[in-house]
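S.K.: predicted structure and sequence below. I'll ask about it afterward.
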Amino acid sequence: MLLPRIKGPRDLDRLSQEELKQLAAEIRSFLVDAVSKTGGHLGPNLGVVELTIALHRVFESPKDKVLFDTGHQAYVHKLLTGRQDFGSLRSKGGLSGYPSRAESDHDVIENSHASTVLGWADGLAKANEVLGREDHYVAAVIGDGALTGGMAWEALNNIAAAKDRPLVIVVNDNERSYGPTIGGLANHLATLRTTDGYERFLARGKEILERTPVVGKPLFETLHGAKKGLKDFIAPQGMFEDLGLKYIGPIDGHDIEALESALTRAKRFSGPVIVHCLTQKGRGYEPAVQDEADRFHAVGVIHPDTGLPVSTDAASWTSVFADEMVKLGKERKDIVAITAAMLQPVGLKKFADAFPDRIFDVGIAEQHGATSAAGLATGGAHPVFAVYATFLNRAFDQVLMDVALHKCGVTFVLDRAGVTGTDGASHNGMWDMSIMQVVPGLRLAAPRDAEQLRAQLREAVEVKDAPTVVRYSKGVVGPAVPAVGKIGGMDVLRAPADEVTRPDVLLVSVGALAPMCLEIAGLLDKQGISTTVVDPRWVKPVDEALAPLADRHRVVVTVEDNGRTGGVGAAVSQALRDAGVDVPLRDFGIPQRFLDHASRKEVMAEIGLTAPDIARQVTGLVAKLDGRFDSEPAAAID
């Protein structure tokens, strides 16, 4: 076995080409076995085995910076840099599913949002130049899917302007992001994939013409002088070269020797170079190769032999949304859907199958997607833009200035809101309810169960003069949480058991945390603390009935799966102040810090967002109001 002997990249140097092929096979076997047990990004990593080996043979990490866009294809990189304990991958205390500076000096970019790597590479190359580090190199790996993002082209514009600043850009072209890459760039890369190289044509032409008497040499010189036009005709890589970028490729991304040759040539060049590599996502694992949806982009725990899930989950939030979107599409011809290269993960595949002319995949371009949605709304459609909550951060200016300012009826559906856990800091959807609070006119819904998701999605698409947001959690949707009454637009989920003139606590429950809030109320009841639990349903704007209701309680408590700073608790506090209601308020939510990867349950426990933790603190607050804080400790709550 070769893999256990690889403790760092330089251990690759002494391996022969045959041994490197054996190592590639061992790595694929290791990945299938390990990831099938833990879940994770399998397909992308199976596709970059040879490419990653070649990168670490040619470049000297960590002195040279080897960067991965998004980072979901960095498992092979981890294996080659001394991290082969995958038993607790993506679990608390185990390896991150993305590059992590805390794990290794070989890791640079922890942000797992796409299309950012070329900006990083540009800055690192500039730093090398400014500090005179002529023997330091930067190699940035970006997928063809990530090249659909606007940030990538903003960076290319800067990179190309510095024709003598070394930088190697590796385009990992597997024709996919999650699903197949679409758009004009995809078409251009497809042309490059299927056209024989110009250099081969020119070499053959030179051989023939130089054997031709008298006119051969002049004709070849003329031909060589016209090579730019011939390049565009025979191998149309001109788009890159027009930007001032040297182009090498396409290269077989599974031929280590060819990859090393191309990368070595690129490294020696004194300016920016694109190395175009053709790879196969899921390579070497038949269940992944046969999966047309996303080539096993990300999997849960699976049977390694079949690729089938070990267990079948109950209905997820995403699946509830998916089914309701199809129903809405049948009822209203103006409903259209937008995805940013994530058709399957956000639940729009069924809608796309049912209404192929009403689905728009904008690529990894959330900013463009939001502005395009404003145009669709202005044109008379009602767009539903489904996106992970963490990725809406990227389109804030467009939501604010294009959608909201123009009073466009656009519905943003945010999947994976709140603590998502195993994917780490940049995937937790903990910012949306804070960021969206500052957008004038925007309305934000946080459904607590499947029934409310269906209802609030329908309410959202009825709004024609403002943006609406519907946000929900990752994973299995919980049981129905029925209302026992209504106050204004709010659902009452629990009223005090006994008639009291002024109940102790008004507990404002946000979204999927409703079951936990009811558990909190039960624990408080055991301490003799009377509690009313309400679900605002629409958390922005704050319901007008909330302030007078709060005034009839001694304490207000808000619980949300969002950052505390500027979140729902802050909005409720402001609304109470504006209404002149002077009631103590305690807001519980996610602390404003980056959270390490772990399961959702473990993260929630770590940050104190559990029923016993909250009940204990509320008990102490009520005790303090009663004047018994110093003399009577709060009872234990388990």
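M.R.: Perfect, I can see it now.

S.K.: what bits of this structure have low per-residue confidence?
M.R.: Along the chain, segments meeting pLDDT under 70 span 176-239, 312-313, 628-638.

S.K.: hey, which helix is longest across it?
M.R.: Using DSSP state H to define each element, the chain has its longest helix at helix 17-38.

S.K.: quick one: strands adjacent to the longest strand seen in the chain?
M.R.: Counting by DSSP state E, the longest strand found in the chain is strand 555-563. Paired neighbours of strand 555-563 in the sheet (DSSP bridges): strand 505-509 (parallel), strand 585-590 (parallel).

S.K.: any buried residues in the helix or strand following the last one, and which?
M.R.: Which is strand 585-590. Moving toward the C-terminus from strand 585-590, the next helix or strand (DSSP states H and E) is helix 600-606. For helix 600-606, burial by neighbour count (16 or more other C-beta atoms under 10 Å) applies to 600, 602, 603, 604. In this view, the C-beta of every residue, glycine as well, is placed from N, C-alpha and C.

S.K.: how many neighbouring residues does residue 303 have?
M.R.: 11 (other C-beta atoms under 10 Å).

S.K.: ok so, going back, buried ones in the longest strand of the chain?
M.R.: 555, 556, 557, 558, 559, 560, 561, 562, 563.

S.K.: what of stretch 9-23?
M.R.: Applying 16+ other C-beta under 10 Å to stretch 9-23 flags 9, 12, 15, 20, 21, 23 as buried.

S.K.: kindly report the same for stretch 454-465.
M.R.: Across stretch 454-465, burial judged by 16+ other C-beta under 10 Å covers 454, 456, 457, 459, 460, 461, 463.

S.K.: same question for stretch 584-597.
M.R.: Buried residues in stretch 584-597, counted by 16+ other C-beta under 10 Å: 585, 586, 587, 588, 589, 590, 595, 596, 597.

S.K.: for it, list the C-alpha coordinates in PDB.
M.R.: Written as PDB, here are the backbone C-alpha positions of stretch 584-597 (Å, rounded to 0.1, in the frame of the first residue of the first chain):
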ATOM      1  CA  PRO A 584     -37.600  43.300  30.200                       C
ATOM      2  CA  LEU A 585     -36.700  41.300  27.100                       C
ATOM      3  CA  ARG A 586     -34.200  38.500  26.800                       C
ATOM      4  CA  ASP A 587     -33.200  37.300  23.300                       C
ATOM      5  CA  PHE A 588     -31.800  33.800  22.600                       C
ATOM      6  CA  GLY A 589     -30.200  33.000  19.400                       C
ATOM      7  CA  ILE A 590     -26.800  32.100  17.700                       C
ATOM      8  CA  PRO A 591     -23.800  34.100  19.100                       C
ATOM      9  CA  GLN A 592     -22.200  36.200  16.500                       C
ATOM     10  CA  ARG A 593     -19.100  34.000  15.800                       C
ATOM     11  CA  PHE A 594     -18.000  31.400  13.300                       C
ATOM     12  CA  LEU A 595     -19.100  28.000  14.500                       C
ATOM     13  CA  ASP A 596     -16.900  24.900  14.200                       C
ATOM     14  CA  HIS A 597     -18.300  21.900  12.300                       C
END
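
S.K.: next one: it to chain centre, how far?
M.R.: 21 Å (C-alpha atoms, centre = their mean, to the nearest Å).

S.K.: how about stretch 531-547?
M.R.: 30 Å.

S.K.: circling back: reformat the strands paired with strand 555-563 as JSON lines; add distance to residue 277.
M.R.: Shown next, in JSON lines, are the strands paired with strand 555-563 (distance: least, C-beta to C-beta, whole Å):
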{"stretch": "strand 505-509", "distance to residue 277": "50"}
{"stretch": "strand 585-590", "distance to residue 277": "39"}
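
S.K.: quick one: closest of the ones you listed to residue 148.
M.R.: In terms of C-beta to C-beta, the element of these nearest to residue 148 is strand 585-590, at 30.9 Å.
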